[in-house]
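>>> let's see this in three dimensions:
(one chain, ligands or ions: 1)
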Amino acid sequence: MKPQTSKSFSFAEVFCNIFGHQLKVSKNVTNHIHEYECAKCGIEMTDTANGFIARLTPKFKETNAYLASFHERRRQRRQQRTFVKAS
Ligand SMILES: [Zn+2]
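Numbers count the residues shown, from 1 in each chain. Down below sits the predicted model:
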């Protein structure tokens, strides 16, 4: 008699474990830090301050939200030259 696995089984996640996640940027936190979402399984990842990509935990979300507001304030103060001629 085999014990039944009660773990919820996601094919997409298994696929990603084998072939890797198909990450797309879901949010720009700063120029260097982005949040990503996997197009296949929906896992959320983020750049970390030391250059790694890690699972986007609530703790990271909190940190990113703080970084984003800090970054936004700096950006507004600096008066960016974002007007590019599109001719
Ligand atoms: Zn994935």
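>>> hey, let's count contacts and neighbours off CA atoms from now on
Will do.
>>> now residue 69: which helix or strand?
With the criterion set as DSSP states H and E, the secondary-structure element containing residue 69 is helix 58-78.
>>> avg pLDDT for that helix?
Model confidence over helix 58-78 averages 91 on the pLDDT scale.
>>> so what does that helix touch, helix or strand wise?
Using 3 or more C-alpha pairs under 8 Å, 6 or more residues apart in numbering; DSSP states H and E as the contact criterion, no secondary-structure element is in contact with helix 58-78.
>>> buried set for it?
Of the residues in helix 58-78, those scored as buried under the neighbour-count criterion (16 or more other C-alpha atoms under 10 Å) are 60, 64, 68.
>>> how about those residues in a markdown table, adding distance to the ion?
Formatted as a markdown table, the entries for these read as follows, by distance: C-alpha to the ion, whole Å:
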| residue | distance to the ion |
| --- | --- |
| 60 | 19 |
| 64 | 21 |
| 68 | 25 |
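>>> got the CA coordinates for the helix holding residue 69 in CSV?
Backbone C-alpha positions of helix 58-78 (Å, rounded to 0.1, in the frame of the first residue of the first chain) are rendered in CSV as follows:
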residue,chain,number,x,y,z
PRO,A,58,6.9,39.5,2.5
LYS,A,59,10.1,40.8,4.0
PHE,A,60,11.6,41.6,0.6
LYS,A,61,8.4,43.2,-0.5
GLU,A,62,8.6,45.5,2.5
THR,A,63,12.2,46.3,1.8
ASN,A,64,11.4,47.0,-1.9
ALA,A,65,8.5,49.2,-1.0
TYR,A,66,10.8,51.3,1.2
LEU,A,67,13.5,51.4,-1.5
ALA,A,68,10.9,52.4,-4.2
SER,A,69,9.6,55.3,-2.2
PHE,A,70,13.1,56.4,-1.4
HIS,A,71,14.1,56.1,-5.0
GLU,A,72,11.0,58.0,-6.2
ARG,A,73,11.7,60.9,-3.9
ARG,A,74,15.3,61.2,-5.2
ARG,A,75,14.2,60.9,-8.8
GLN,A,76,11.6,63.7,-8.4
ARG,A,77,14.2,66.0,-6.8
ARG,A,78,16.8,65.4,-9.5
